[in-house]
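Asker: turn this into a model:
(4 chains)
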Number of protein chains: 2
Amino acid sequence: MPSEPGPRAPRIRDVAARAGVGVGTVSRVLNDSPGVSEDTRARVQAVMDELGYRPSPTARNLSLGRTQTLGVVAPFFTSPSVVERLRGIDDVIGRSGYDLTLFNVETPDQRHDAIARFARRHRLDGVAIISLPLRDAEVRALNRDGLPAVLIDVHHRSLPHVAIDDVRGGRLAGEHLLAAGHERVAFIGDLADNPFGFSSSERRLRGLREALGAAGLIVADEHVKRAPYGREAAGRLTRELLQLRRPPTAIFAASDVQAFGVMDAAARAGLAIPGDLSVVGFDDIELAAAIGLTTVRQPLRESGRRGAALLLRALEGVGTGHGGELPELELVERRTVGRIERAQAVGA
Amino acid sequence: MPSEPGPRAPRIRDVAARAGVGVGTVSRVLNDSPGVSEDTRARVQAVMDELGYRPSPTARNLSLGRTQTLGVVAPFFTSPSVVERLRGIDDVIGRSGYDLTLFNVETPDQRHDAIARFARRHRLDGVAIISLPLRDAEVRALNRDGLPAVLIDVHHRSLPHVAIDDVRGGRLAGEHLLAAGHERVAFIGDLADNPFGFSSSERRLRGLREALGAAGLIVADEHVKRAPYGREAAGRLTRELLQLRRPPTAIFAASDVQAFGVMDAAARAGLAIPGDLSVVGFDDIELAAAIGLTTVRQPLRESGRRGAALLLRALEGVGTGHGGELPELELVERRTVGRIERAQAVGA
DNA sequence: CTGAAAGCGCTTACAG
DNA sequence: CTGAAAGCGCTTACAG
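Answerer: Coordinates of the predicted model:
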């Protein structure tokens, strides 16, 4: 232990005694409640300063029936895109007086734990859930407990949420590739039936198919590859694609992290990007720019901000409004897509 | 609001009444305390299940004088290296029964806020502080309040901490570059006198100097550049270095993120890496491998695990033991360092 | 304007 | 083995 706890911290009653007032009065100056003469207020304040008094949030919360802390449930909270959303959440929660408690979910079990853990609003005043579609039973539990909740990166008919149009994002990627002359486009994404219920990957694939379809093209079945989220897994899928008799000329990855896996595998296979293979990612995380990855930008940080703002509003009992429109998705053109006819490297 | 709060959640007294026992007894079965007949225990348990009873952590904590939550104070908690450490912390705290509250520090003000906010152990049972050297007054405040604290990525003579030998890390980078024939090695790091007090950057520079010094070489003053942490800033410094009359043949960056800035600037300047310029980073964050960056690996995630374990031990009142030795630093050779004599690109 | 008291929902000696 | 009661440190009607 650093040292002896020392004399116990002063409580409200110590302040009251020393100031010669009742605890109620101290509480009132603490809370800037009206009905305290300027005189006593000053005196009490002085004693608080002198004693270095700090009210106990725990006691306060018990009395008030709240916890003053908000939870964030996120799968793989250390993945770059989740981190960006977290940053957005912190932008607004950080200065709100609420504490932020993290519930990391990396296994289906943890998912269950997390949700059970904050149930009954005994622990949290509200919760933001990132990228995890909720089951009906879970939504009912939240409602039953009156626990305000918002969803980020997930659509839901009865809960406030902020989400993007993934299908459109996939279409943007497809159209860009099409414009560059690609006709054999592959897709690398998450498992369609993953234990967390992520579904954005499939929607992005749908968008890609729509874009190609509008040009009379299809995404060949052998060109659609799925694996658990991650860079290595994406690299593995890429190797499979490259060994096909008719390998794709371009790969659209459901996330930048997966796109990096593609680039990695291509490099190891001795392929130049974009000379031999083009790749488009999704997210536009910070490193995409550094690497020069062409990708579909989604407003990650802003989604966190909106979600947090929505949560704060729900806390005040303001309707279940949805997040409003997020900034549009856009394709950010960098250095990983080459024109297919000329078969020559573009840019550096 | 999702819906009406519904009937209020059952309290311990409701369970007691329905089970025909006193609240003390319910509390005892709740806490697996001895001295409850198997009979009553079963009966009480049944009622708890029936009512869906969940004890209030707030009330429990007030009664017990603890909060059951641990804090993590981190600068830029969304930077890759901090995220890795957080992940390590979560590895061990996640299954400990403690909640994790985040205090993000991106400005000197926030630093002050964070430390004031959890003072007096009213809010937290313990705290892990990442990369922020503590001032003496802050350490005294922690001690006075009896708030267990551990430091990660910071050395301290009286607080449990886990840190690496940055000087040695710098030396590893220098020796590797030397072995490849480089004699004009530049350094890009954080501001020596930054508002947060980071100091690892300077120690890494010292190590670099030692290595070159041992070979009778020096790091030219004009080859030492510092800026606030970040990719763009590192890119800016790189451009300055490249415009020198005698530009360096290699750059050692104090972190991988900064190394990416170097690579970015080099690419924009039309320089090939490692053909025209070599670069060595520090950290070995996940993406370093994807990009093929040669770097000094430090055990980021493990540092979080050790720090958290230390904190847990401090919570149990077990001495202030230091983190023990972390896995050794090692230089991970990839594709960004070329041999200087032959002046030819190495690898792909 | 201000104090005494009850209440928030637990835990834990203290007596049976 | 078990219950009644005090206590954790606040807040907030309720009476002055």
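Asker: flag the shaky bits of the stretch 101-250 of chain A, pLDDT-wise.
Answerer: A:116-121, A:195-197 (pLDDT under 70).
Asker: okay, strands next: where are they in it?
Answerer: Along the stretch 101-250 of chain A, counting by DSSP state E, counting those that start in this stretch, strands occupy A:126-130, A:149-152, A:161-162, A:185-189, A:224-226, A:250-253.
Asker: nearest approach to DNA strand C belongs to which of those strands?
Answerer: Among the strands of the stretch 101-250 of chain A, the nearest to DNA strand C by CB to the nearest atom of the strand is strand A:126-130 (18.2 Å). Just so you know, the C-beta spots here come from the backbone N, C-alpha and C atoms, and that holds for glycine as well.
Asker: so how far is that closest one off the chain centroid?
Answerer: On the basis of CA atoms, centre = their mean, to the nearest Å, strand A:126-130 sits 10 Å off its chain's mean C-alpha point.
Asker: stretch A:169-181 now?
Answerer: How far stretch A:169-181 lies from its chain's middle: 26 Å, per CA atoms, centre = their mean.
Asker: cool, stretch A:254-262 as well?
Answerer: How far stretch A:254-262 lies from its chain's middle: 17 Å, per CA atoms, centre = their mean.
Asker: pLDDT of it, averaged?
Answerer: Across stretch A:254-262, the average pLDDT comes to 95.
Asker: now do the helices in the stretch 101-250 of chain A.
Answerer: For the stretch 101-250 of chain A, applying DSSP state H, counting those that start in this stretch gives helices covering A:108-117, A:136-145, A:166-179, A:200-214, A:231-242.
Asker: any residue of the last one touching chain B?
Answerer: Yes: with CB under 8 Å from any CB of the partner chain as the threshold, helix A:231-242 lies in contact with chain B, specifically through A:Arg231.
Asker: how about the residues of the stretch 51-200 of chain A by chain B?
Answerer: By the rule CB under 8 Å from any CB, the part of the stretch 51-200 of chain A lying against chain B is A:54-59, A:61-62, A:67, A:69, A:77-78, A:80, A:83-84, A:86-87, A:90, A:94, A:99-102, A:104, A:110, A:119-123, A:142-149, A:158-159.
Asker: show the buried residues in those.
Answerer: With neighbours counted by 16 or more other CB atoms under 10 Å in any protein chain shown, these contain buried members at A:54-58, A:61-62, A:67, A:69, A:77-78, A:80, A:83-84, A:86-87, A:90, A:94, A:99-102, A:104, A:110, A:119-123, A:142-149, A:159.
Asker: what helix or strand does A:Arg13 sit in?
Answerer: Using DSSP states H and E, A:Arg13 sits in helix A:12-19.
Asker: what do you get for A:Val72?
Answerer: Going by DSSP H and E, A:Val72 is in strand A:69-75.
Asker: what angle do that strand and strand A:126-130 make?
Answerer: Interaxial angle, strand A:69-75 versus strand A:126-130 (axes from the mean of the first three to the mean of the last three CA atoms, to 10 degrees): 20 degrees.
Asker: packing partners of strand A:69-75?
Answerer: helix A:80-93, strand A:99-105, helix A:108-117, strand A:126-130 (3 or more CB pairs under 8 Å, 6 or more residues apart in numbering or on different chains; DSSP states H and E).
Asker: quick one: strands adjacent to that strand?
Answerer: Under the criterion DSSP bridges, strand A:69-75 sits next to strand A:99-105 (parallel), strand A:126-130 (parallel) in its sheet.
Asker: dump the ones you listed into CSV; add distance to DNA strand C as well.
Answerer: CSV is the format used below for the strands paired with strand A:69-75 (distance: least, CB to the nearest atom of the strand, whole Å):
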stretch, distance to DNA strand C
strand A:99-105, 19
strand A:126-130, 18
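Asker: turn those strands into JSON lines, columns for distance to B:Arg184.
Answerer: Shown next, in JSON lines, are the strands paired with strand A:69-75 (distance: least, CB to CB, whole Å):
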{"stretch": "strand A:99-105", "distance to B:Arg184": "45"}
{"stretch": "strand A:126-130", "distance to B:Arg184": "47"}
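Asker: so A:Leu30 touches A:Pro55, yeah?
Answerer: Yes: assessed by CB atoms under 8 Å, A:Leu30 is found in contact with A:Pro55 at 5.9 Å.
Asker: about what we covered before: mean neighbour count, the strands of the stretch 101-250 of chain A: which tops it?
Answerer: Comparing the strands of the stretch 101-250 of chain A by mean neighbour count (mean count of other CB atoms under 10 Å in any protein chain shown), strand A:250-253 ranks first with a mean of 31.
Asker: quick one: that strand near chain B?
Answerer: No: Strand A:250-253 lies out of reach of chain B by CB under 8 Å from any CB, never closer than 12.6 Å.
Asker: could you list the alpha-carbon positions for the helix or strand containing A:Ala288 in CSV?
Answerer: Using DSSP H and E, A:Ala288 sits in helix A:286-291. The C-alpha trace of helix A:286-291 is given here as CSV (Å, rounded to 0.1, in the frame of the first residue of the first chain):
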residue,chain,number,x,y,z
GLU,A,286,-6.5,7.0,-39.6
LEU,A,287,-4.0,4.7,-41.1
ALA,A,288,-5.8,4.3,-44.4
ALA,A,289,-4.6,7.7,-45.3
ALA,A,290,-1.0,6.9,-44.3
ILE,A,291,-1.0,3.8,-46.4
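Asker: mind giving me the packing neighbours of that helix?
Answerer: helix A:80-93, helix A:256-268, helix B:256-268.
Asker: which residue is the nearest non-sequential neighbour of A:Arg87?
Answerer: Counting by CB to CB, 6 or more residues apart in numbering or on different chains, A:Arg87 lies nearest to B:Thr78, which is 4.4 Å off, once chain neighbours are set aside.
Asker: the one you found touches A:Ile89, doesn't it?
Answerer: No: counting by CB under 8 Å, B:Thr78 sits too far from A:Ile89 to count as a contact (10.6 Å).
Asker: what is A:Val162 paired to in the beta sheet?
Answerer: Beta-bridge pairing of A:Val162 under DSSP bridges involves A:Ile152.
Asker: got the residues of the stretch 51-200 of chain A near DNA strand D?
Answerer: A:53-56, A:59-60, A:62-64 (CB under 7 Å from any atom of the strand).
Asker: tabulate these (JSON lines), appending pLDDT, distance to DNA strand C and secondary structure.
Answerer: Formatted as JSON lines, those follow (pLDDT from 0 to 100; distance: CB to the nearest atom of the strand, whole Å; DSSP: H, G, I helix; E, B strand; the rest coil):
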{"residue": "A:Tyr53", "pLDDT": "90", "distance to DNA strand C": "16", "secondary structure": "coil"}
{"residue": "A:Arg54", "pLDDT": "88", "distance to DNA strand C": "18", "secondary structure": "coil"}
{"residue": "A:Pro55", "pLDDT": "91", "distance to DNA strand C": "13", "secondary structure": "coil"}
{"residue": "A:Ser56", "pLDDT": "90", "distance to DNA strand C": "11", "secondary structure": "coil"}
{"residue": "A:Ala59", "pLDDT": "93", "distance to DNA strand C": "7", "secondary structure": "helix"}
{"residue": "A:Arg60", "pLDDT": "93", "distance to DNA strand C": "9", "secondary structure": "helix"}
{"residue": "A:Leu62", "pLDDT": "93", "distance to DNA strand C": "4", "secondary structure": "helix"}
{"residue": "A:Ser63", "pLDDT": "94", "distance to DNA strand C": "4", "secondary structure": "helix"}
{"residue": "A:Leu64", "pLDDT": "92", "distance to DNA strand C": "8", "secondary structure": "helix"}
